[in-house]
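1. compute the structure for the input listed below.
(3 chains)
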Amino acid sequence: MSSSDVKMSNNVIASTATRPRKLSAEEIAEIEHEMTLYPDKRAVGLEALKIVQKYQGWVSDESLLGISRYLDIPASDLEGVATFFNLVYRQPVGKNVMLFCDSVSCWIMGCENIKQAIKDKLNIDYGETSKDGEFTLIPVPCLGDCDRAPVMMVGPDLHRNLTPAAIDKIILDYQNK
Amino acid sequence: MDIAAYEASDGYQSLQAIAKGLSPDDVLQQVKDSGLKGRGGAGFPTGLKWSFVPRGGDAPKQKYLVVNADEMEPGTFKDRLLMEGDPHLLIEGMIIAAYTIQASKAYIFLRGEYIVSGQRLNRAISEAAARGYLGKNILGTGFDLDIVVHTSAGRYICGEETALLNALEGKRATPRAKPPFPQVSGLWGKPTIVNNVETICNLPGIITYGVDWYHGLTKGSDHGTKLFGVSGKVKTPGCWELPLGLPIRELFEGYAGGMQDGLELRGFLPGGGSTDFMLPEHLDVLLDYDAIAKVGSRLATGTMIILDNKTCPVGMVGNLMKFFAHESCGFCTPCRDGLPWVDEIFNEFESGRGSEKDLQILHDHVDYLGPGRTFCALAPGATAPLGSGLKHFKEDFDQHIKQKCCPYKH
Amino acid sequence: MAKVVIDGVTYEVNPDNNLLQECLSQGLDLPYFCWHPCMGSVGACRQCAIKQYRDADDKNGMLVMACMTPATDGAIISIDDEQAKSFRASVIESLMISHPHDCPVCEEGGECHLQDMTLMSGHNYRRYDKKKVTHRNQYLGPFLNHEMNRCITCYRCVRYYDDYAGGTDLSAQASHHHVYFGRHEEGVLESEFSGNLVEVCPTGVFTDKAFSQHYSRKWDLQTAPSVCVGCSVGCNTAPGERYGTLRRIVNRYNNEVNGYFLCDRGRFGFDFVNNEGRLRDAVKQQGDTSQALSGEQVQSVINEFKTGKTIGIGSPRASNESNFALRALVGEDNFYAGYSDTEHEATQLILQLAKDKAFHSPSIREIEQADAIVILGEDVTNVAPRIALALRQSVRNKALELASNSRIPQWQDAAVRELAQHDRSPLSILSTYVSRLDDVASDRVVDTLQNLAGIAYAVANTIASQSPSSSDVPTEHASVIEKIAAQLQAAKRPLLIAGSTSGNLELIKAAANIARALQQQKSTAVDLCLLVPEVNSLGMGMLTTAENKLGRALAKLQDGSATQAIVLENDLYRRAPQATVDAALEKADKLLVLDQLGTATTAKADYVLPTTAFSEHEASYINYEGRAQLSFQVHRCHSGAMPAWSWLGAEQVDEFDALVNRCASEAKGFSNLSKILPDPASFIAGMKVPRQSHRYSGRTAMKANINVHEPKQAEDPGSVMSFSMEGIPAQKDADVLASSWAPGWNSNQSISKFQDEVNGELKQGHPGTLLITRETAAAGYFDPADSSVSPSANELQVSLAYQIFGSDELSAKSNSVQQRMTDAFIGLSPEDAQARELSQGDTVKLGTTESNAVVCIRTGIKSGSAVIYCGDGQVNPTELPQCIEITKSGEQNLLRGIEGLIVSDLLEEDY
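-> Predicted coordinates for the structure are as follows:
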């Protein structure tokens, strides 16, 4: 029997798959540096996700595959890690990520009012990005500054003793940056 | 504090003692004698923990020291202070700990959000390396040590030492079964000790000034000082280093200034979000591990969260439950599937739809999520405020049901 | 042994195990999810909680997870304790929070471990009234469905797929109650063992796609103990039939052979049985016309073949009985091998070595005990896949050793893996291309076949200087030779794997030399695993004399010394060059071909007799170890097909046992064959074993659309099994245990009730009989043959490649398998491709043959060599020369290309 009697198969494997993104020279340099700090490349996988995020703002499917290929770590392993940790973003985020502490001390000190103030100002809730693409609001576990609650981080900066009034100014400052 | 200032105040003196011939076993003995207990929350004797690391010729060559700087316990703000304020104290302590177990590599597992801490630690490491306190053949002892600051990608569960090790290995931070303990099979399967920042920061004092000095710091059964914090609606919230064994009242009224005007103390969590509520009647209990355990709670991180009479206890517990439910790693059933249910029920209470049936389910979960039921201590930690909250603030829960709303909001 | 008190009763238990395993071994009911008998414990689900007491005075006790607690001597535990029961009820209550409760429309229903455990744990009232968590499902390829909403997050799937089977494209994702198990994006699950997820998953997250499209309940499937016909391993299976079609295959436990797992060829490759192209009637063919033959006419045809100069050509994919029947009909002298001459020579050599006391042919269970392994030239994953899965366990012996040194119990699965990291027992793979096992290999050598043989001879020579060395040893391999020799000598249980599919006898001989050298040092028989490609390659080989090669048969037909031929279930166009077969068949006066599906050979036949497929008849096969296994008929065949042996008039259809006994007494080497037959004394009052369960539904109505009269149940006088629900289900004789069931245990997990202990033998003795007895006193070493091949400037040295989906003729006719197949390809090194200006996916003509193959550029192929995969009969391997020139061809009529080919070394375009 020749194979001519066999119906055409339906191979959809490669055609729909995401293409990897080639990592930039800066990303590779940082990843290579991390390689010197850990005895196993699996540990570098998580670092690479953070490095890519530093440059790209978030970790796209293409970036994830780029890391997978560069480090030869299965993409599904990387995905398992990327989706586990709070600070790896698998969706695009705004220019400034607001890490909003809503843990117990901040809650007692009225963080819900602060959150409302942000919502009033930017019209965003948790996980959302403001229309202008400037801010993404993400809740974060206790930021360890409870004696100056409520607190939040915007980008790398910590803002303490927040009041609804302070929020206006903070937002303005970043918008003008 | 830079290295010159640190050295000027007896910094790195302990290393001189090691250079003069203090052996790892000598250090271990001193740490055991000091009675130092882990400051991360569990209060396990540090010397005993270290003594489980295999020694001798058959032991694996590579060992690791890991510092747990993943401060994330709700209401806890002490390690940040140490790392931002006195990074060399941590580095010196790490050299002592690593020397004791003969670990040539150490990682500081730092919260990703602690950006200033990271900068200061990295600077301190470079300064220490430049002085020969780190790197190869430290002060001619033949002992090598490299320290790497690893920033976490963020998960409360990483505070659990074995989950932390998985995170450090780039894996999902689910806890590991114990036994085997990390001292036997830890980071990359090698003997590892994991200590909290504050624990490590106790070491330079013990080695430099001696065990007797350390014991002299306190009057009670627990030795040494501890960072104590107070947050919530007190007059002067803050964090202070105080000897163990002080009455809670001294911290609460003396240092934190008592309640803000017009508010009364309703209760407090003595050591972060995973501890049982204590009540105003407990203010004269001493701040040490045993005394607090006797009244049914835990000293844990030593950072108190104050509940006032205008804040809803149901809401406060609910806030904690949401936190724990979200931070569950998802590995074992009771924690993964039980906490979200508890969280949902608190949402119902919050919006006035709580019922007697729900209350019963909450009570059931206190038992269901308790110690020994789950894979690690996360869910049992959550049951501490839950169980004690249900007990001490029963009428508040009842009022939520009766009034079909949160009485503190209406 | 240790003593443990469980609910007041003292039991003898194995202290090396955990309490859950020991409770199950004792036949006690204790619910669990995340633990698996061969994957150990991780303590995730918390379902197996029990009460443990410190001592006899401890009245409170504490809850512990049975799976995470060692069965230490003196332990006092309770399963029945109220607190433990209530905790277990809480666990199942929360596991079921987001479960969709879609049991009525779930293909797992009725054999669902989750259903069983829910009932056992006492969860029957639902308190949760909030929103459920829901998930999106993924497309996972032609084999498996994904229904994540049913997931109870036991982590078994990833533990099996990644940790046990070495898969890399399934992971746990997200966290807390949103944990998700899937690929990083939609696509085919790559592991060759993905199908086991169907059985590993305790509920219906991963289900058999083909079965799901038309599923039946377990109790509505007619089933019987069967043996997989996909390769020479002979995994035990339980096929299920309903309404006249074969619906699925599930694993049937055999602790020596397949244990709990099958490969995807075995699980999904059965569908050819339902193929529309199945031959249905006995016909006489003349030109383009064919004419049906009556029973009497067939009889007279057979009689014609009984007289005259008739030869018979056997088949490695046919049973012992059919081959024997043909041999009996034509006479031993006129019975010829039904595979290529090279393969015949290799098989005869393998059979010769099988009688040598110096060696032992290891079962899969024994392979898993190996602590140093060398594979010579065989692509185990694609030739004998289940063995590749076993080798992934063998390399873990190092981890188990390290664990035991650190006093970590072996069942502490995650802890053992963490401790060992990448430390594995040595596995050296010598092959002509990078294999799917290379990720766990300690050393891999990719070179030409004769260089590989040279290396192997040198390893033997390093171990024992009497073993002759060959001249074909490239100096670059000196260190690996030393290393392999040292590893084998240091091992407690070394294992050599070679076989006939490499097409190189020297590799088999060299493997034997290594094993013999080791045997002389260790003074115990050394594991020598010699693979053959087909289900009964060995059985047919044993029935054939060394001289009776296929080439000789064809020559006899051509020169007229034979004038009539009977071809048994075989397509000769896959076994010998087309021109040779054409010439021989054209000369033959009469050609009778028996087969299941039409082939190029049936097209040439004067008479075609349709034969039953593996599930439609009782049969025995001999696997690679020489193990004879009995495969029962599962269902009736509703066409005119009959077992070949029945057509050939050896015995009546109902006299299978008599035929087995005749074969045992007449055929040399088969004297133990009768032992595979079930012992009639073990059947209660002579009652038969029903193929249908007690609950089999619709019997009186299932054919009402055809005829409202209830048909009489078909009789099966020759078998110990019946086509009905009546009889006594097999509890007495494991040979007829198709599908395990015990009260409260409807899923496959009920198997523990039939094992003498968890992972042990089935209580009634293990199925299968080793036929070959080793009697030869140690023979000498083989001398290397001068096998130098010198390709000319443009030529490439040829070796063959295999594919799990496609290399096996019958499974390649199955629908889902076809979706995973590729075209015939030629693997080339990047340099050779570049030199010929070929790119990935081009089509080339192979030398002087008429065949084309797709270019497949792989970094794991040595330059100067070409690795050819023949596709499903697209390239005739016997036409390929040792060295070949290739030319780019305009031919684009190939079917599938090589998209979807899963190899680790495919040259990737720059990105």
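2. surely B:Gln30 and B:Gly205 touch.
-> No. Counting by CB atoms under 8 Å, B:Gln30 stays clear of B:Gly205, with 11.1 Å between them. Placement of C-beta: from N, CA and C, glycine included.
3. show me the shaky parts of chain C.
-> C:650-651, C:653, C:730-735, C:764-766, C:778, C:891-893, C:910-911 (pLDDT under 70).
4. repeat for chain A
-> A:1-16.
5. write out the residues of the stretch 151-300 of chain B neighbouring chain C.
-> The interface of the stretch 151-300 of chain B toward chain C, taken as CB under 8 Å from any CB of the partner chain, is made up of B:155, B:172, B:176-177, B:179-180, B:184-185, B:188-189.
6. let me have these in a markdown table, adding neighbour count as columns.
-> Formatted as a markdown table, those follow (neighbours: other CB atoms under 10 Å in any protein chain shown):
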| residue | neighbour count |
| --- | --- |
| B:Arg155 | 27 |
| B:Arg172 | 26 |
| B:Arg176 | 25 |
| B:Ala177 | 21 |
| B:Pro179 | 16 |
| B:Pro180 | 22 |
| B:Val184 | 22 |
| B:Ser185 | 28 |
| B:Trp188 | 20 |
| B:Gly189 | 26 |
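7. farthest-apart pair in those, please.
-> By the measure CB to CB, B:Arg155 and B:Val184 form the most distant pair in those, at 24.6 Å.
8. reformat the residues of the stretch 151-300 of chain B next to chain C as TSV; add secondary structure.
-> Conversion of those to TSV gives the following (DSSP: H, G, I helix; E, B strand; the rest coil):
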residue	secondary structure
B:Arg155	coil
B:Arg172	coil
B:Arg176	coil
B:Ala177	coil
B:Pro179	coil
B:Pro180	coil
B:Val184	coil
B:Ser185	coil
B:Trp188	helix
B:Gly189	helix
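9. closest one to B:Tyr133 out of those, please.
-> B:Trp188 (25.3 Å).
10. distance check, the closest one against C:Pro690.
-> Distance of B:Trp188 to C:Pro690, computed by CB to CB, to the nearest Å: 55 Å.
11. please apply the same query to C:Gln520.
-> 53 Å.
12. the two - which one has more neighbours?
-> C:Pro690 (21 against 16; other CB atoms under 10 Å in any protein chain shown).
13. residue contacts, the more buried one?
-> C:721-722, C:724-729 (CB atoms under 8 Å, 6 or more residues apart in numbering or on different chains).
14. how about a cut-off of 10 Å?
-> C:222-224, C:696, C:721-730 (CB atoms under 10 Å, 6 or more residues apart in numbering or on different chains).
15. again with C:Gly314
-> C:322-324, C:326-327, C:330, C:335-339, C:536, C:539-541, C:543-544, C:548, C:550, C:553, C:566-570 are the contacts of C:Gly314 under CB under 10 Å, 6+ apart.
16. go with 7 Å
-> Going by CB atoms under 7 Å, 6 or more residues apart in numbering or on different chains, C:Gly314 touches C:323, C:326, C:335-338, C:540, C:543-544, C:568.
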